[in-house]
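have a look; sequence and predicted model below, questions after that.
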Amino acid sequence: MRVWGAVQYVNEEGGPEVESDFVTRTALVTGGASGIGAAMARQFVAAGGRCVIGDVQDERGRALARELGPGCRYEHLDVTDEDDMRAAIDRTVDAFGALDCFFGNAGIVGALGPIERTPAPAWDRTVSVLLRSAFLGVKHAVPVMRSQGSGAIVCTASVASLRGGLGPHAYTAAKHGVWGLVRSVAAEIGAYGLRINCVAPGGTVSALSASLVSGDGDDLDAAYRRLAAASSSGRPTTADDVASAALFLAGPGAARINGACLAVDGGDDLVAHKAR
Ligand code: NAD
């Protein structure tokens, strides 16, 4: 039986009785091959859920799905492509019988530099990967969840969704858009028993921040050191910190939370405001 609350079950192998909120819970995690998405996939499966990882990094995504076992699958998904998005959602339902959580998380930094030197194609690409993707995911997840009568959507916004000066222009504009989309859609889908919220990470140790810090997406140590030095708490936000918040928003403990944006930055944004 699929429920929102905690349930008890005996696993299919006749193993011990386990209490879990995620017994048959299923998720599609975009950008799940790396960073925050990979942490979410790991936590979701560890909690007893089943998860489809959608990404364009096929080798990495497949390796993670293999590591996580039969509760996890990989699907090639370019989040800017509507056919890909529809297919990944359909395949999640085909594979695991439901779509209880859509985690719209894939992202890039995109166009850098001053506004007068931002090329329009780079702007369009950034907005497409960050914002069009959220729109497409929500558009195709909602009818599936509506027919189930339940479901939770979580989008990865950013502290750059909340104010300016924290990221490049296209990134900041697109992330403001993600938060706007979440608020707008929340007002519609609450009536169907569905919820949508976003997590807003501060600087988080991942390939994305590592490539900004050192030009090498694999140099997570450099990202850790730089972000720790910049943080008021002396340590950076990790991908697991953000995934835990997303998992909470997707789960039964957040049953009355709809249209919220949860900052995951150790309070650094507040500290920065206080210092002004
Ligand atoms: P990451 O680079 O480790 O992961 C991003 C993933 O998105 C990668 O696996 C990448 O292949 C995938 N991706 C990129 N373009 C895609 C596309 N077109 N289709 C499908 N997948 C695609 O970085 P991360 O930090 O884990 O980023 C996850 C999200 O968190 C992003 O939306 C990012 O903007 C957001 N975020 C990150 C930080 C940070 O400091 N790292 C801060 C705030 C918000």
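Everything's here; your move.

T118 - nearest residue in space that isn't next to it in sequence?
A111 (5.1 Å; CB to CB, 6 or more residues apart in numbering). C-beta coordinates here come from the backbone N, C-alpha and C atoms, glycine included.

which parts of the stretch 151-276 of the chain sit against the ligand?
Residues of the stretch 151-276 of the chain lying close to the ligand by CB under 6 Å from any ligand atom are T156, S158, P201, G203, T204, S206, A207, L208, S209, A239.

would you reformat those as TSV and include neighbour count and distance to G259?
Converted to TSV, these look like this (neighbours: other CB atoms under 10 Å; distance: CB to CB, whole Å):
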residue	neighbour count	distance to G259
T156	29	16
S158	28	17
P201	30	19
G203	24	25
T204	24	23
S206	25	26
A207	20	30
L208	20	26
S209	24	27
A239	23	25
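
using JSON lines, lay out the residues you listed together with secondary structure.
As requested, these are exported to JSON lines (DSSP: H, G, I helix; E, B strand; the rest coil):
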{"residue": "T156", "secondary structure": "strand"}
{"residue": "S158", "secondary structure": "coil"}
{"residue": "P201", "secondary structure": "strand"}
{"residue": "G203", "secondary structure": "coil"}
{"residue": "T204", "secondary structure": "strand"}
{"residue": "S206", "secondary structure": "coil"}
{"residue": "A207", "secondary structure": "helix"}
{"residue": "L208", "secondary structure": "helix"}
{"residue": "S209", "secondary structure": "helix"}
{"residue": "A239", "secondary structure": "helix"}
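
specify the local secondary structure of F103.
What three-state DSSP gives for F103 is strand.

please name the bridge partners of it.
Beta bridges link F103 to V29, V154, judged by DSSP bridges.

correct me, but it touches V154?
Yes - the pair F103 / V154 is scored as a contact, 5.1 Å apart, by CB atoms under 8 Å.
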